[in-house]
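Undergrad: quick one, what's the 3D model for this:
(one chain, ligands or ions: 2)
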Amino acid sequence: MKLSLGPSSEQLDACVTCGLCLPHCPTFRITGDEIASPRGRLTAMGAVADGRVEADDTYAGILSYCLQCRACEAACPSLVPFGQMMEGARARLAERRPTTSGRIRRLLVGRLLNMKWLLALLTSGVALIQRLGVMRLLPRRMRLARGLRRQRVFPHSAVGVHDLSPAVPAGTVALLAGCVMDQWFPDVHDATRGVLQIAGYQVDSPETQRCCGALAAHEGAAGNAAAMAARNVAAFDGYDYIVSDAAGCSAHLKDYAHWADGGESVAARTRDITEFVAELIEEGRLPRISRNRGDVAVHDPCHLRHAQRIIDAPRAIVRAAGYNPVDIDPDALCCGAAGLYMVYEPDTAEELGRRKVEQITAAGPKTVVSANPGCEIQLRAHLGRGFKVLHPIELYWQAIDR
Ligand code: SF4
Ligand code: SF4
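TA: Ligands and ions are numbered 1, 2, ... in the order given. Reported below is the predicted structural model:
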């Protein structure tokens, strides 16, 4: 398949330079620099596409500083598909001017994340470091580890798990296991499977699936991302629904039309677990807990809110679990996790994490829900020990399982 990634001249021309996206951009909010804004990045992409500017290290830095949070896309009146354009621009840059750090990043997300044994080995190493209590000795750039310190990390996989089918299933669901999601968030997968079974679905996690490819696409590893998408199109063939409990992954599955033949079918059948379960609650096919258990803060992952425009669903799930959802940020600014961003842009990731924690602390609740693994890790890394961070489906599963 020939990839149809941008930025095309039509896409670039769609930007009318109105600037409405600027206040929604986290990197512009931090720096105040036009070149760290969506409009500035689009101007740079256009200049390189026209041949007016070299695709040099400065250009690489401009692209790399973007979180790919897609808040600009949600704010844009001209419907500029910024996320797809940034993925394309990074892929072209990787072809034209590969840097050593870029090669390492693409090797990591394009190949190594797909090696379950290697991820299990890494997970075992993290588990050992946790047990020895020496997390704080790790280098500053490995802030990720701070978030892992407060969660149970051990080698685990949902791949190949086929839950018993109800006598007359309401439908079949393929659960995307994911890469780090599969290894580091087994409780979220268990909650997802448990809730969907209560609603009468047969839930499988097909053996032949791969990582969705979102991180590879974000890092410009277009060939790897396309190969993963092609594998998943085949693995998920025949299922009524494809469900992901990681917002970054469900957003990417919904973009599969750009990545693989047959991708449109995957996109049409994909549901983020929050929207799927909220609909089932609304239809009365899943229970609501009527008592009031207190307040829960709702963090909106960028790839749920900005990329998929899912806002009400996590709040509806929190309400159905018997809690009162509390908003923390009307702009839903990125928390700074953004895949590998927290590793290669630690200062900006740290600043955004600090701002998010201030908002959570000001809101009051000690329990926070977030529907994306990277955000959960980032929030755990920055919140104090008195806070609990869960996926909304975990909160709901714990509430109805009691
Ligand atoms: S809001 Fe859209 S059209 Fe306006 S500057 Fe931003 S990307 Fe361009
Ligand atoms: S994706 Fe996010 S960080 Fe990048 S330009 Fe858009 S709003 Fe700014």
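Undergrad: okay, how far is it across stretch 45-55, tip to tip?
TA: Chord length of stretch 45-55, first to last residue, is 9 Å (C-alpha to C-alpha, to the nearest Å).
Undergrad: typo on my end, stretch 192-211
TA: Start to finish, the residues bounding stretch 192-211 are 18 Å apart (C-alpha to C-alpha).
Undergrad: average pLDDT for stretch 373-380?
TA: The average of the pLDDT scores along stretch 373-380 is 92.
Undergrad: distance between it and the chain's centre?
TA: In terms of C-alpha atoms, centre = their mean, to the nearest Å, the centre of stretch 373-380 is set 10 Å apart from its chain centre.
Undergrad: likewise for stretch 17-32?
TA: 21 Å.
Undergrad: just stretch 231-241 next, same as before
TA: Put simply, stretch 231-241 sits 20 Å off its chain's centre (C-alpha atoms, centre = their mean).
Undergrad: what residues does it touch?
TA: 171-174, 176, 201, 204, 206-210, 212-213, 242, 253, 256, 260-263, 265-266, 269-271, 276 (C-beta atoms under 8 Å, 6 or more residues apart in numbering). To be clear about C-beta, it is placed using only N, CA and C from the backbone, and glycine gets the same treatment.
Undergrad: where along the protein do the strands fall?
TA: Under the criterion DSSP state E, the chain contains strands at 171-175, 201-204, 241-244, 270-272, 295-298, 324-327, 367-369, 388-390.
Undergrad: which ones are touching Met86?
TA: Shown in contact with Met86 (C-beta under 8 Å, 6+ apart): Arg41, Leu63, Cys66, Gln68, His218.
Undergrad: residues from the stretch 101-250 of the chain in reach of ligand 2?
TA: Applying C-beta under 6 Å from any ligand atom, we find that the stretch 101-250 of the chain lies next to ligand 2 at no residue.
Undergrad: residue in the stretch 101-250 of the chain nearest to ligand 1?
TA: Taking C-beta to the nearest ligand atom, ligand 1 has its nearest neighbour within the stretch 101-250 of the chain at His218, 18.7 Å off.
Undergrad: pull the helix or strand with minimum mean pLDDT from this structure.
TA: For the chain, counting by mean pLDDT, DSSP states H and E, helix 144-148 ranks last in confidence among helices and strands (a mean of 60).
Undergrad: and the residue of the stretch 101-250 of the chain closest to ligand 1, what does it touch?
TA: So His218 contacts Gln68, Met86, Glu87, Arg90, Val109, Gly339, Leu340 (C-beta under 8 Å, 6+ apart).
Undergrad: pLDDT added to these, as TSV?
TA: What follows is the contacts of His218, written out as TSV (pLDDT from 0 to 100):
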residue	pLDDT
Gln68	97
Met86	96
Glu87	95
Arg90	95
Val109	76
Gly339	85
Leu340	83
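Undergrad: could you dump the strands of the chain to JSON lines with mean neighbour count and mean pLDDT?
TA: Below are these laid out as JSON lines (neighbours: other C-beta atoms under 10 Å; pLDDT from 0 to 100):
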{"stretch": "strand 171-175", "mean neighbour count": "21", "mean pLDDT": "95"}
{"stretch": "strand 201-204", "mean neighbour count": "23", "mean pLDDT": "94"}
{"stretch": "strand 241-244", "mean neighbour count": "24", "mean pLDDT": "98"}
{"stretch": "strand 270-272", "mean neighbour count": "25", "mean pLDDT": "98"}
{"stretch": "strand 295-298", "mean neighbour count": "22", "mean pLDDT": "98"}
{"stretch": "strand 324-327", "mean neighbour count": "16", "mean pLDDT": "97"}
{"stretch": "strand 367-369", "mean neighbour count": "24", "mean pLDDT": "97"}
{"stretch": "strand 388-390", "mean neighbour count": "20", "mean pLDDT": "95"}
